[in-house]
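Participant: Need coordinates for the following:
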Amino acid sequence: MKPTLLIVDDEKPTREGLRAALEERFDVYVAEDAKSAMDLLEGESFDVMLTDFKMPNEDGMKLIGRAKSLSKPPICILMTAYGSEELAVNAMKQGADDYIAKGRLQIDELEMRIARAVQTQTLETENVSLRKQLDSKFGMENIVGESSVMREIFDVVQQVAQSRATVLILGESGTGKEMVAKAIHQLSPRAKRPMVSVHCAALSPMLLESELFGHERGAFTGAHERRIGRFEQAQGGTLFLDEIGEIDASLQIKLLRFLGERTFERVGSNKTLTADVRVVAATNKNLEAMVKAGTFREDLYFRLKIVELYLPPLRDRMEDAPLLAKSFLREFARENTKPVTDFTADALELLLNHRWPGNVRELRSAIESAVVMCRGERISARDLPRTVRSEMSPAGDSRRLLAKNDLTVKEAEKQLIIRALKETKGNRTLAAKKIGMPRRTFHRKLHTYHLEGL
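Facilitator: Presented below is the predicted three-dimensional model:
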């Protein structure tokens with residue numbers, strides 16, 4: 001599609017002449033004054049506005065000021081027969097993107113400057129969009145939860161992200177440790193520098209040492225050329241060491257030295273190198289127990305846990321399960337272009353009853369499968385994976401089926417709260433504990449669902 005261009009000039013020969021000269025490359029509209037121009041700008045979206053300076057009632061600079069206040073402002077180029085450096089400076093202050101003197105106006109040059117301005121704006125728009133996508137993918141937006149423990153984690157992540165401190169993230173597999181590490185990086189001053197990840201359990205000690213610190217040519221059999229390690233690749237950024245509990249004793253010593261001095265040597269070299277790298281580590285193992293058993297260095301453990309974050313398993317924050325499930329549903333419905341919007345009550349009940357040994361990762365996989373298998377607008381019990389449907393009785397109903405299959409997530413949550421209150425004879429503390437919901441959230445839900453009288 002051609003870029004849209006609005007030409008504003010009170011002299012008809014000028015505006016019509018410009019229209020004729022530019023309409024081959026642009027979709028051209030014309031206006032004879034500022035009022036007519038604003039009527040067009042408020043009704044249409046224009047890429048560029050080319051406006052005269054001297055016009056009756058309202059001059060071009062005031063028009064530019066009004067045009068730039070729109071939600072989607074055009075590129076604004078001011079034309080004038082009264083060329084001066086002072087006027088050009090004032091035009092730029094008013095928001096003009098460019099300035100052209102009519103007396104020296106060349107159509108070829110005008111076309112080039114308009115095209116260049118459109119290209120610049122397109123690149124800026126794409127960059128903004130890309131930044132939003134990156135923020136959405138790696139920032140806090142992708143970590144879902146409203147339980148008290150998750151709110152505390154959000155606070156810690158935002159606080160620690162601004163520092164240089166080493167962070168140790170603990171938790172079972174599938175709880176989202178790498179996602180939290182990415183959020184720490186993305187929210188930090190290092191966000192524009194690389195984040196490099198290494199899975200420590202995936203490589204032998206020799207290969208892991210080379211992977212982290214690099215090696216020189218001939219350092220060992222098969223080392224045919226110099227290799228730059230992950231510490232050097234992460235210069236100025238963040239190095240994420242996943243499954244840090246798997247590294248052997250010799251690597252623990254080298255890592256301890258780096259954390260203390262920020263120096264290292266490549267394998268096969270005596271040259272000391274430095275790297276400005278922030279280390280974030282994660283493990284599903286009990287490092288404290290490993291320290292007591294003598295399999296993990298105590299000094300390294302304390303170096304790593306300057307800030308320690310524990311991510312609870314999903315079974316301990318089931319209040320977040322409906323939110324997570326709905327978030328994954330939206331993601332996979334969009335990816336698969338399917339009109340799936342919600343869960344039936346029996347499906348939601350199965351999701352709430354399942355123990356999720358694979359944590360959030362398992363839930364995400366289950367929802368992706370369910371979206372693919374869903375035949376309608378709501379995921380039902382039959383759409384869920386077999387491991388989740390194992391909670392169902394032979395009759396096909398869940399063991400703790402809620403009243404109706406067409407309940408929304410909010411209605412099902414309301415029914416769950418009502419049932420918990422009945423089973424605990426109105427004891428709100430016990431009811432909240434029974435369904436794994438913090439007391440403050442439980443009381444807020446009572447107010448939301450108008451259940452205070454129960």
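Participant: Helix, strand, or coil at Leu212?
Facilitator: Secondary structure, DSSP: H, G, I helix; E, B strand; the rest coil: Leu212 is helix.
Participant: how many neighbours does it have?
Facilitator: 24 (other C-beta atoms under 10 Å). Placement of C-beta: from N, CA and C, glycine included.
Participant: same deal with Trp356?
Facilitator: 21.
Participant: And for Ile228?
Facilitator: Residues near Ile228, counting by other C-beta under 10 Å: 12.
Participant: Then Arg278?
Facilitator: With other C-beta under 10 Å as criterion, Arg278 counts 23.
Participant: before we move on, what about the one 5 residues further on?
Facilitator: One way to gauge burial is a neighbour count; for Thr283, by other C-beta under 10 Å, it gives 24.
Participant: Need phi/psi at it.
Facilitator: Backbone dihedrals for Thr283, given as degrees, to the nearest 10, come out at phi -160, psi 150.
Participant: doesn't Glu243 make contact with it?
Facilitator: Yes: Thr283 sits in contact with Glu243 when judged by C-beta atoms under 8 Å, with a separation of 5.7 Å.
Participant: between those two, what contacts are shared?
Facilitator: The contact sets of Thr283 and Glu243 do not overlap (C-beta atoms under 8 Å, 6 or more residues apart in numbering).
Participant: which residues touch Ile77?
Facilitator: Counted by C-beta under 8 Å, 6+ apart, Ile77 has contacts 48-51, 96-100, 113-114, 117.
Participant: again, only using 10 Å
Facilitator: Ile77 is in contact with 5, 7, 48-51, 60, 64, 91, 96-100, 110, 113-114, 117, counting by C-beta atoms under 10 Å, 6 or more residues apart in numbering.
Participant: so which helix or strand takes in it?
Facilitator: Per DSSP states H and E, Ile77 falls inside strand 75-80.
Participant: Walk me through which strands that strand pairs with, and which way each runs.
Facilitator: strand 48-52 (parallel), strand 98-101 (parallel) (DSSP bridges).
Participant: after the first one, next one along is what?
Facilitator: Downstream of strand 48-52, the first helix or strand assigned by DSSP H and E is helix 60-68.
Participant: Please name the bridge partners of Val28.
Facilitator: With DSSP bridges as the criterion, Val28 is bridged to Leu5.
Participant: just the helices in the stretch 251-400 of the chain please.
Facilitator: Secondary structure of the stretch 251-400 of the chain (DSSP state H, counting those that start in this stretch): helices located at 287-293, 298-304, 321-335, 345-353, 359-373, 386-389.
Participant: relative orientation of the fifth one and helix 321-335 in degrees?
Facilitator: Which is helix 359-373. Counting by axes from the mean of the first three to the mean of the last three C-alpha atoms, to 10 degrees, helix 359-373 lies at 40 degrees to helix 321-335.
Participant: in helix 359-373, what's buried?
Facilitator: 359-364, 366-371 (16 or more other C-beta atoms under 10 Å).
Participant: Next: the last one.
Facilitator: Judged by neighbour count (16+ other C-beta under 10 Å), helix 386-389 contains these buried residues: 388-389.
Participant: That one packs against which elements?
Facilitator: Contact partners of helix 386-389 among helices and strands, from 3 or more C-beta pairs under 10 Å, 6 or more residues apart in numbering; DSSP states H and E: helix 345-353, helix 359-373.
Participant: Likewise for the fifth one?
Facilitator: Taking 3+ C-beta pairs under 10 Å, 6+ apart as contact, the helices and strands that helix 359-373 lies on are helix 321-335, helix 345-353, strand 378-379, helix 386-389.
Participant: re the thing from before, mark which of the contacts of Ile77 are buried, thanks.
Facilitator: For these, a burial check counting by 16+ other C-beta under 10 Å picks out 5, 7, 48-51, 60, 64, 91, 96-100, 110, 113-114, 117.
Participant: show me the contacts for Glu243.
Facilitator: So Glu243 contacts 173, 177, 198-202, 281-285 (C-beta under 10 Å, 6+ apart).
Participant: rewinding a little: and the helices of the stretch 251-400 of the chain, which one is worst for confidence?
Facilitator: Comparing mean pLDDT across the helices of the stretch 251-400 of the chain, the weakest is helix 345-353, with a mean of 86.
Participant: Between helix 321-335 and that one, find me the angle.
Facilitator: Angle of helix 345-353 versus helix 321-335, following the same axes, to 10 degrees, is 120 degrees.
Participant: mind exporting helix 345-353 as PDB, just the C-alpha atoms?
Facilitator: Provided in PDB are the C-alpha atoms of helix 345-353 (Å, rounded to 0.1, in the frame of the first residue of the first chain):
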ATOM      1  CA  ALA A 345     -16.500 -27.000  35.200                       C
ATOM      2  CA  ASP A 346     -15.500 -30.700  35.100                       C
ATOM      3  CA  ALA A 347     -12.300 -29.800  33.200                       C
ATOM      4  CA  LEU A 348     -11.400 -27.100  35.700                       C
ATOM      5  CA  GLU A 349     -12.200 -29.500  38.600                       C
ATOM      6  CA  LEU A 350      -9.800 -32.000  37.200                       C
ATOM      7  CA  LEU A 351      -7.100 -29.400  36.800                       C
ATOM      8  CA  LEU A 352      -7.600 -28.400  40.400                       C
ATOM      9  CA  ASN A 353      -7.500 -32.000  41.700                       C
END
